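Q: let me see the structure of the following:
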Amino acid sequence: MKIMSQDKQSGAKSSVSPREADTRDVALSLTRNIGIIAHIDAGKTTTSERILYYSGKVHKIGEVHDGTATMDWMVQEQERGITITSAATTCFWNGHQVNIIDTPGHVDFTVEVERSLRVLDGAVGVFCSVGGVQPQSETVWRQANKYQVPRVAFVNKMDRMGANFEQVLAELKSKLKAPAVAVQLPIGAAETFSGVIDLVKMCAYRFSEDDMGSQVERVEIPVELAAKAEEARAQLIETVADVDEMLLEAYMENSDVSEDLIKEAIRRATIANQLIPVLAGSSLKNKGVQPLLDAVTDYLPSPLDIRAVMGMVPKTEAEVEREASDFEALTGLVFKMATDKFIGKLAFVRVYAGQLKKGQNIFNPRTKKRERIGRLLRLHANHREEVDVLYAGEIGGMVGQKMFTTGDTICAEADPILLENIEFPEPVISMAIEPKTTADKDTMVAALQDLVEEDPTFHTSINEETGQTIIQGMGELHLEIIKDRILREYKVQANAGKPMVAYRESIASKGEGSFTFDREIGGEPQFANVVLQAEPATAGAGNEIVFDVSADQIPVPFRKAVEEGVSDALMTGVLGNFAIIDTKIRVIGGEARENESSEMAFRSAAVMAVRAVVNASSPILLEPIMAVEISSPEEHLGDVMGDLNSRRGRVREIQASNDLQMVHADVPLAEVFGYATSLRSLTKGRASYTMEPQAFEPVPAHMTDTILNR
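A: The predicted model follows:
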């Protein structure tokens with residue numbers, strides 16, 4: 001028996017019409033769409049497995065270290081013990097429907113976190129009680145801030161040696177600038193960790209050892225922790241009252257505030273992103289997960305609690321919003337594509353408003369085409385359950401849709417809406433790959449096409465000089481997984497080269513350039529003249545194309561062709577066929593001739609004008625710089641620092657953490673291939689590291705010629 005459910009308060013809105021309650025299994029106010037986000041190895045998937053077990057979704061707990069985790073269903077995930085692709089599932093807890101997405105922690109797969117947070121209403125941030133706030137924790141936290149996702153924090157692994165709940169709470173405030181406050185305290189730490197104290201209900205919970213923690217016993221707070229619990233509760237009420245006027249008024253009238261009032265105030269503050277409730281536990285030891293589920297239903301928002309989704313009308317570009325309701329016009333977003341060998345293309349979709357029904361026609365405002373829904377699925381990792389309808393607030397799958405891709409809006413043709421697309425980072429590493437036999441060529445092309453559709457950070461291209469297929473991704477592990485999937489899933493025999501850095505180009509100064517296209521093609525004269533000015537943009541700002549030219553010089557009908565020509569030319573660069581970034585191109589002049597100018601002529605002139613203006617603006621080569629964090633024992637610190645210097649690394653800071661030294665440095669990607677092996681040999685296997693793309697910076701002048709083979 002789960003006693004946690006006896007005194008549950010959902011705190012959710014109850015304004016659900018009888019008609020709405022009749023049409024769906026669970027009212028919209030009792031629906032939670034959450035993601036599990038964290039640094040690699042903080043325990044996300046282990047926590048997800050316990051949630052599924054205690055909610056009755058699975059009857060056996062899968063373990064990451066055994067390769068049996070339900071949510072890590074890919075062969076590559078089970079072999080490596082990491083999450084690679086985000087998996088979606090639905091479970092039920094105390095009358096609430098909880099749709100969960102378990103996301104990867106490795107930086108190479110950060111796109112999975114990005115697109116998951118785009119469609120979620122809330123998130124659980126999992127933190128290691130020993131490691132605290134780690135680099136990828138900061139990355140996913142920034143992503144959640146970007147989409148203003150309400151969160152609760154779960155300090156996991158309280159059973160480990162060195163566990164320190166207070167330290168992690170302090171790091172949440174200092175490193176992440178999070179308004180974190182403890183709603184629980186752990187009872188003990190490391191080998192003495194035995195349960196948690198609930199500061200709202202002022203009681204303690206202990207978890208049985210005999211039945212995987214299913215039995216939760218509510219007990220009195222241990223005497224030795226009573227004073228600390230009172231102090232922490234007072235801190236909790238004071239913190240919440242600072243941001244919630246209703247609780248402040250109640251507290252001023254009577255300092256003994258009721259449990260319900262505190263809970264409702266925490267919920268309001270959490271949904272408003274003014275508070276991060278912090279809980280404690282050990283997922284692996286089956287302690288603290290049921291109270292975490294309670295916190296999800298108590299404090300995280302339903303689709304009704306968050307802002308209505310905003311979009312625009314495609315034709316007029318007028319802003320429009322859609323409330324979360326089954327009776328609004330259909331509005332949804334395809335946030336992920338997957339290819340399944342049994343059912344074909346699977347599109348993961350979040351329905352924001354209306355109802356997505358089997359057999360109905362849906363409209364894609366990007367392609368301006370409609371398509372009929374074949375099958376709809378409710379998802380549970382790689383298992384699926386067919387349904388006839390997905391209601392507002394639900395996450396599910398569409399099977400067999402041909403014209404949809406990641407970031408596409410689904411809507412009704414009679415009432416269209418275009419939602420904001422999802423932005424993805426550019427790849428930083430590339431690798432040549434070629435089929436072993438001619439027979440494998442077509443299969444490899446199809447496999448790469450499927451993988452590109454699934455993963456927006458995975459790109460492919462053909463090297464015009466060598467004819468080789470080049471694949472690009474976010475890191476060595478990313479490309480290794482892609483290569484492994486091509487070999488094993490698609491049964492393609494292929495040879496792959498060594499990973500290479502995906503360089504970029506930019507300009508260092510302002511310049512002007514022009515080109516006149518004046519040729520006869522097919523007996524018809526073709527003429528266009530384009531004059532451009534280029535100047536460096538702020539690092540990370542991307543490219544910008546501005547028209548500062550009269551209609552006499554470049555007529556309006558030809559401007560789209562000029563823009564397309566400029567964009568195409570920026571993709572190929574001038575130094576080494578690398579894409580040009582962070583450059584502002586201004587169209588300042590041109591000439592057209594009646595009966596001789598065409599879109600093709602202006603597009604060609606624009607391409608060549610870009611080459612001219614970039615060459616006149618001091619083109620430079622850029623390389624990706626990685627933010628590296630190394631965790632090393634102090635006796636090996638000198639060796640680690642010397643090695644970093646030899647790799648052109650810049651050390652930003654060194655921090656002491658327990659008995660380890662944390663080195664934060666910026667290192668060029670070209671210098672860290674195979675770094676894991678070098679670091680192991682330098683430190684006798686005692687150091688570890690993580691890294692993520694930081695920025696692009698100019699390559700030193702003496703290295704540019706070597707890279708460009710000049």
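
Q: shaky segments in this protein?
A: Along the chain, the model assigns pLDDT under 70 to residues 1-23, 57-87, 102, 104-110, 340-342, 380-383, 464-466, 658, 710.

Q: select the longest strand from it.
A: The single longest strand within the chain, with elements called by DSSP state E, is strand 619-633.

Q: paired strands for that strand, with orientation please.
A: Note on strand 619-633: by DSSP bridges, its sheet partners are strand 504-507 (antiparallel), strand 660-668 (antiparallel), strand 688-698 (antiparallel).

Q: off-centre distance for the helix or strand following the last one?
A: Using DSSP states H and E, the helix or strand that directly follows strand 688-698 along the chain is helix 701-707. Remark: helix 701-707 is offset 35 Å from the chain centroid, using Cα atoms, centre = their mean, to the nearest Å.

Q: do stretch 667-686 as well
A: Relative to the centre of its chain, stretch 667-686 is centred 26 Å away, using Cα atoms, centre = their mean.

Q: now the helices for the stretch 251-400 of the chain?
A: 259-271, 289-299 (DSSP state H, counting those that start in this stretch).

Q: nearest to P222, of those?
A: P222 sits nearest to helix 289-299 of all those, at 16.7 Å, using Cβ to Cβ. In this view, the C-beta of every residue, glycine as well, is placed from N, C-alpha and C.

Q: in JSON lines, list the strands paired with strand 619-633 along with distance to D388.
A: Shown next, in JSON lines, are the strands paired with strand 619-633 (distance: least, Cβ to Cβ, whole Å):
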{"stretch": "strand 504-507", "distance to D388": "48"}
{"stretch": "strand 660-668", "distance to D388": "53"}
{"stretch": "strand 688-698", "distance to D388": "42"}
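
Q: N33: which of those is closest?
A: strand 688-698 (26.3 Å).

Q: in stretch 489-500, what counts as buried?
A: Using 16 or more other Cβ atoms under 10 Å as the test for burial, stretch 489-500 gives E489, Y490, V492, A494, A496, P499, M500.

Q: start and end of that stretch, how far apart?
A: In stretch 489-500, first residue to last residue: 24 Å (Cα to Cα, to the nearest Å).

Q: what does that stretch contact?
A: Outside of stretch 489-500, the residues within contact range by Cβ atoms under 8 Å, 6 or more residues apart in numbering are 341, 429-437, 440, 443-444, 446-447, 450, 476, 479, 483, 486-487, 673.

Q: in space, what's closest to I585 - neighbours in sequence excluded?
A: Excluding the flanking residues, the one nearest I585 by Cβ to Cβ, 6 or more residues apart in numbering is I545, at 5.1 Å.

Q: gap between the one you found and H459?
A: Noted for I545: a distance of 22 Å to H459, by Cβ to Cβ, to the nearest Å.

Q: K358 now?
A: Counting by Cβ to Cβ - K358 and H459 are separated by 34 Å.

Q: over to I37?
A: 25 Å.

Q: neighbour count winner among those two?
A: Using other Cβ atoms under 10 Å, the more surrounded residue of I37 and H459 is I37, with 30 against 16.

Q: isn't the more buried one right up against K44?
A: Yes - with contact defined as Cβ atoms under 8 Å, I37 reaches K44; the gap is 7.1 Å.

Q: shared neighbours, the two?
A: Common contacts of I37 and K44, defined by Cβ under 8 Å, 6+ apart, comprise T103, V126.

Q: CA atoms only: put the helix or strand hosting Y205 into CSV for me.
A: In this structure, Y205 sits in strand 203-207 according to DSSP H and E. C-alpha atoms of strand 203-207 as CSV (Å, rounded to 0.1, in the frame of the first residue of the first chain):
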residue,chain,number,x,y,z
CYS,A,203,6.8,14.5,9.3
ALA,A,204,9.4,12.0,8.2
TYR,A,205,9.2,9.2,5.6
ARG,A,206,11.1,5.9,5.7
PHE,A,207,11.2,3.5,2.8
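
Q: please identify which of the strands paired with strand 619-633 is closest to Q401.
A: The nearest among those, by Cβ to Cβ, is strand 688-698 at 31.7 Å.

Q: how about that closest one: buried residues?
A: Residues Y689, T690, M691, E692, P693, F696 are the ones in strand 688-698 that count as buried (16+ other Cβ under 10 Å).

Q: name the residues that touch that strand?
A: Strand 688-698 is contacted from outside by 39-40, 107, 110, 134-136, 139, 425, 428, 474, 504, 506, 508, 539-540, 581-582, 620-631, 666-669, 672, 675-676, 679, using Cβ under 8 Å, 6+ apart.

Q: quick check, G400 in contact with E371.
A: No - applying Cβ under 8 Å, one finds G400 not in contact with E371, separated by 9.2 Å.

Q: looking at these two, which has the bigger crowd around it?
A: E371 (17 against 14).

Q: how close does that one sit to A347?
A: 11 Å.

Q: which neighbours do the two share?
A: Joint contacts of E371 and A347 (Cβ under 8 Å, 6+ apart) are Q401, F404.
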